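K.L.:
predicted model and sequence follow; I will ask about them next.
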Amino acid sequence: MQALIHRIATMALPLDAQRIFHGRGGLYPGCEHLVLDAFPPVLVLTSFQPLGDEALQRVHTALTERWAQLAPDQPLNWVYQCRTEGPAETRLMAGSVPDKHEVSEDGALYRVHVLKGQNHGLFLDMAEGRRWVRQHMADRPGQKVLNLFAYTCAFSVVALQAGAKLVVNVDMSHSAMAIGQQNHQRNGVAANARYLTHDIFSTWGKITRAGPYQLIIVDPPSYQKGSFVATKDYAKLMRRLTDLLDHGGHALLCLNAPELDTAFLQDQMRELAPDLVLVERIANPASFADASPERALKVLLYRAPPRPT
């Protein structure tokens, strides 16, 4: 735990939502079960094995001392979540959490919920992917975007802020999409967002009719019982890309499954969408550094062939 305590002692005051300590990356022996995130004004410590009272007290003492240096006029708010088998245990350890908790990232605002569930409303490891989308849209305004497994629509918000003409968001979770609609409204970009709250695999007709798209974002869960299993379902998505993408369009394929490497995506793309060319792998945020990049989040960018002349 010493590496976490040291990181707390040297952290800057977090203004945007961000990861502060990433023990899961395997770079800090003995801390592989620990991550610390900032969802200002709240810090969230997540452990993937139970922590005893002594360990929690060490963290509390470290946070209290550092917070007194960083923001002596502000209360320390922090939450502990333990994720093991079964439902996560979440405890408010100090301070409070805003009733309507809103965080920022690169000028965009998002609703989050750190006391409820394992997913807090914004996946921090996708920050560089969102930055890529923002820059891509700024360079190519007026494009139509398909956002598959949209969750709370963070990709859609940044695309529209940067100049996208239309974003079609698809996700089967009514609660996540409701937050997504709030995110669009809060950022003033609701007019050009569309929502399909359906199982993607039974909605291809509606998805296709709204196309073709100049950018498709595919960010599925690695495993979600009853809806998506990467090893068998990702191929179903890949088969559709060529028909859904416009000439010269791009596809951003995301995979967060430690047991599956980039070859899993690349081999299937060569077989199922051979016309699409791999452009690059988008780097993960520096705060998510991993001893084994192949176990970390994979974000691959593909491009469709240009329009024939």
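P.N.:
The structure has been received and is ready for your questions. Numbers count the residues shown, from 1 in each chain.

K.L.:
so what's His136 up against?
P.N.:
162, 215, 250 (C-beta atoms under 8 Å, 6 or more residues apart in numbering). For glycine as for every other residue, the C-beta is placed from the backbone atoms N, C-alpha and C.

K.L.:
surely the last one and Val218 touch.
P.N.:
By that I understand His250. No: judged on C-beta atoms under 8 Å, His250 makes no contact with Val218 at a distance of 11.4 Å.

K.L.:
who's in contact with the spatially closest residue to Ala190 that is not a sequence neighbour?
P.N.:
Distance criterion C-beta to C-beta, 6 or more residues apart in numbering; nearest residue to Ala190, sequence neighbours excluded, is His184 at 4.1 Å. By C-beta under 8 Å, 6+ apart, His184 lies in contact with 153, 156-157, 160, 190, 193.

K.L.:
repeat that with 7 Å
P.N.:
The contact partners of His184, taken as C-beta atoms under 7 Å, 6 or more residues apart in numbering, are 153, 156-157, 190, 193.

K.L.:
what about it, helix or strand, and which?
P.N.:
Assigned by DSSP states H and E, His184 falls within helix 174-186.

K.L.:
tell me where the protein has helices.
P.N.:
Using DSSP state H, the helices found in the chain span residues 2-10, 53-70, 127-139, 154-161, 174-186, 204-209, 230-244, 262-272.

K.L.:
so where's the stretch 101-250 of the chain shaky on pLDDT?
P.N.:
Low-confidence segments of the stretch 101-250 of the chain (pLDDT under 70): 223-227.

K.L.:
can you list the domain ranges for this structure.
P.N.:
2-111, 125-303 (automatic domain parsing).

K.L.:
run through who's touching stretch 76-92.
P.N.:
With contact meaning C-beta under 7 Å, 6+ apart, stretch 76-92 is reached by 41-51, 56, 63-64, 67, 93-97, 114-115, 118.

K.L.:
how long is it from one end to the other?
P.N.:
Stretch 76-92 has an end-to-end distance of 11 Å (C-alpha to C-alpha, to the nearest Å).

K.L.:
off-centre distance for that stretch?
P.N.:
19 Å (C-alpha atoms, centre = their mean, to the nearest Å).

K.L.:
next: stretch 204-219.
P.N.:
20 Å.

K.L.:
how about stretch 259-268?
P.N.:
19 Å.

K.L.:
now for the residue nearest to Ala296 when sequence neighbours are not counted: which residues touch it?
P.N.:
Leaving aside its chain neighbours, Ala296 sits nearest to Asp290 (3.9 Å; criterion: C-beta to C-beta, 6+ apart). Applying C-beta under 7 Å, 6+ apart to Asp290 gives the contacts 25-26, 296.

K.L.:
distance to Ile282 added to the helices of the chain, as a markdown table?
P.N.:
Formatted as a markdown table, these follow (distance: least, C-beta to C-beta, whole Å):
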| stretch | distance to Ile282 |
| --- | --- |
| helix 2-10 | 25 |
| helix 53-70 | 31 |
| helix 127-139 | 5 |
| helix 154-161 | 12 |
| helix 174-186 | 22 |
| helix 204-209 | 24 |
| helix 230-244 | 17 |
| helix 262-272 | 12 |
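
K.L.:
most tightly packed of the ones you listed?
P.N.:
Neighbour counts averaged per stretch over the helices of the chain are highest for helix 154-161, at a mean of 26; criterion: mean count of other C-beta atoms under 10 Å.
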